[in-house]
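Undergrad: need coordinates for the below:
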Amino acid sequence: MKPKLCAAGVQLRDQIDTWFPDRRTASDGWLGDSRHSARKSDHNPDGIWVRAIDIDSRLESSESLAPYLADQIRIAAKSDTRISYVIYNERICSKILNWRWRKYKGINPHKKHLHCSFTKLGDLDGKPFDIPLLGGKI
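TA: Numbers count the residues shown, from 1 in each chain. I've put the predicted structure just below:
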């Protein structure tokens, strides 16, 4: 069966596309390539579901808003259990340390894109994310 991006991933990407329609998408992605398939990655299908997206860090003419978006996703994740972890600019956050940023030592430092992984709860749950940069409450 053909892999599908989880509903939460589709929703987050759609919200970003709506609020930043002219953003750069060169570093966007969701389905893992051969480099991903050699290791554990949420970009690899689990059954039919892929539970990760990468969003290019150039939301506007510069990368200046990407750190704010990463942080707002981090804050939203404290109450939205569809989000598993976020990686951006050599930092990672997850519920392990109560959503505090910590140094990321993985293969890709994620300097050109923001990575968001989702839990199985996001497979079918595509409700909008409450993120201020994406139209959510301030």
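
Undergrad: please count neighbours and contacts with C-alpha atoms only from this point.
TA: Will do.

Undergrad: name whatever forms a beta bridge with the most centrally placed residue in the chain.
TA: Closest to where the C-alpha atoms of the chain average out (CA atoms, centre = their mean) is residue 116, at 2.1 Å. Beta-bridge partners for residue 116, by DSSP bridges, are residue 53, residue 86.

Undergrad: ok, it - contacts?
TA: 52, 53, 54, 83, 84, 85, 86, 87 (CA atoms under 8 Å, 6 or more residues apart in numbering).

Undergrad: could you find the closest non-adjacent residue to residue 44?
TA: Sequence neighbours aside, residue 32 is the residue nearest to residue 44 in space, at 5.2 Å (criterion: CA to CA, 6 or more residues apart in numbering).

Undergrad: about what we covered before: how near is the residue nearest to the centre of the chain to residue 4?
TA: 16 Å (CA to CA, to the nearest Å).

Undergrad: burial measure for the nearest residue to residue 87 once chain neighbours are set aside, as a count.
TA: Once flanking residues are discounted, residue 87 sits nearest to residue 115: 5.0 Å by CA to CA, 6+ apart. By other CA atoms under 10 Å, 23 other residues sit near residue 115.

Undergrad: now swap in residue 23 and tell me
TA: Neighbour count for residue 23, taken as other CA under 10 Å: 18.

Undergrad: one more: residue 108?
TA: Counted with other CA under 10 Å, residue 108 comes out at 12.

Undergrad: that one belongs to a helix?
TA: No - under DSSP: H, G, I helix; E, B strand; the rest coil, residue 108 sits outside any helix and is assigned coil.
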